[in-house]
Structure formats: C-alpha cells, structure tokens
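> structure, please.
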Amino acid sequence: MVKNHIIKFTIKAPWKLKDVVGKPTSRSFWRDNGIGKFAISHRISSGDSVASLAVKYSVQVMDIKRLNNMMSDHGIYSRDRLLIPISNADLLLDCTCYIEMDTHAKREVAVLYLEGRPDCKPRPFLNKDNATSDEGKRRIIDSLRRSMQVDDGTAQYYLSISNGDPRAALTEFSSDLRWERQAGLT
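I've put the predicted structure just below:
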C-alpha cells in the first residue's frame, strides 16, 4: 500500500495530477514518467480521420499511428477509440489519469479522458461465447460497419451472406467493390 502510494506520487507530482487510478501490470511502467506515458482517449465518431485528429490535438499523424500501433489510416475504422499523444503538459494539470492496457495499441498508458471518466462497463473480448450473444453480434456488426465504412444494414447483409464469418464478409464486400469498379458503376 505504502509502496503504491510512493510510486503514484512519483508520477503525480511532476505533472501536478489530481489522481492516478489503476495499477500497471509492469513495475517498469513507473521508471520513465515522461509525457510519453500519457495519452488522451478520443472516441471515434463518423467523419474522424487520423489527419483531422492530428490537427484537432496539434500532434503529428505519425505519432498517433505509432502510439496506436497502426500501419495505415484505415486502422481507425476498426476501433472504438484512438489514443492521442499529449503535446501540451498543461492538459494534465489537476486531472485524473487511468492506467490502462490498450488492446489495439498493445501498450500500457496513463489515459486522460477529456470528457470525464472511462466507460464503467467492461468490454468483453470477442470470443465464441459472446459472439453468439446479441451484444457479440452487435460488436461484430459495429466493427464491420466501421471497417467497410457502411451503414448497419449493409454490414448485416454481408455478415448474413457469409454465414456469420466477419473475414468472409469483408472478402465478399471487397469483391463486390472490385466488380462495381470494373463495371464502371462507381
């Protein structure tokens, strides 16, 4: 308990944070308490692009891609959120950061939520048990919708003709787009 308090103090004090919530999985997390340990959580909404977020938060596109472990700009459509590097340390003043392991970025970060707090509801990983549940199906549809950049109905259609296989749905969608281009329909 005392050790946790001391460790949290080593990261809270230099950045004048109100609080740090959560415990890192690795003790080495606290060794480097530079600004690179912090990130803003940005919920992806329609119309977002990596370039527009870079402008909005005054950071470089490559920094966003690097922090989120993205190879291309299209990676944004398969995620609920992006981590945005913090370029201005003043954003941290009197704020609460949450230590989180981001599954897409595959890294542990101290996350700042500009809109307040993280979702309290845990998000289960997609597996065979919840893939058949309504929530699991909804997550698959949402992921396909973002990946294909289409509406829910179109995503549902491609999922249904591929017998519930998301990869096959994406393949079928790509095949249809190719056909439309070759036929001169787009």
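> contacting residues for the most centrally placed residue in the chain?
Residue closest to the average C-alpha location in the chain (Cα atoms, centre = their mean): Arg81, at 3.2 Å. Each residue near Arg81 by Cβ atoms under 8 Å, 6 or more residues apart in numbering is listed here: 41-44. Bear in mind the C-beta positions are built from the backbone N, C-alpha and C, glycine included.
> shaky segments in this structure?
The model of the chain has pLDDT under 70 over residues 1-8, 119-132, 186.
> which stretches of it form strands?
For the chain, strands defined by DSSP state E occupy the ranges 19-21, 38-43, 81-85, 96-102, 107-112.
> elements contacting the shortest one?
For strand 19-21, the contact count by 3 or more Cβ pairs under 8 Å, 6 or more residues apart in numbering; DSSP states H and E identifies helix 2-15, strand 96-102 as packing neighbours.
> that one: partners in the sheet, and parallel or antiparallel?
strand 96-102 (parallel) (DSSP bridges).
> which one of the contacts of Arg81 has the most neighbours?
Neighbour counts for those, by other Cβ atoms under 10 Å, peak at Ser41, which reaches 20 neighbours.
> distance of that residue relative to Val109?
Counting by Cβ to Cβ, to the nearest Å, the gap from Ser41 to Val109 is 9 Å.
> kindly report the same for Leu91.
Distance of Leu91 to Val109, computed by Cβ to Cβ: 14 Å.
> more crowded one of those two?
Each of Leu91 and Val109 has its neighbours counted (other Cβ under 10 Å); Val109 has more, 23 against 15.
> what residues are up against the more buried one?
Per Cβ under 8 Å, 6+ apart, neighbours of Val109: 37-39, 67, 83, 99-100, 102.
> and Ile64, by the same measure?
50, 53-54, 70, 82-85.
> now the helices for this structure?
Using DSSP state H, the helices assigned to the chain run over residues 2-15, 50-57, 61-67, 128-131, 134-148, 152-161, 166-182.
> distance to Gly116 for those helices - can I get that in JSON lines?
Compiled in JSON lines, the helices of the chain are given as follows (distance: least, Cβ to Cβ, whole Å):
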{"stretch": "helix 2-15", "distance to Gly116": "19"}
{"stretch": "helix 50-57", "distance to Gly116": "17"}
{"stretch": "helix 61-67", "distance to Gly116": "21"}
{"stretch": "helix 128-131", "distance to Gly116": "27"}
{"stretch": "helix 134-148", "distance to Gly116": "22"}
{"stretch": "helix 152-161", "distance to Gly116": "28"}
{"stretch": "helix 166-182", "distance to Gly116": "32"}
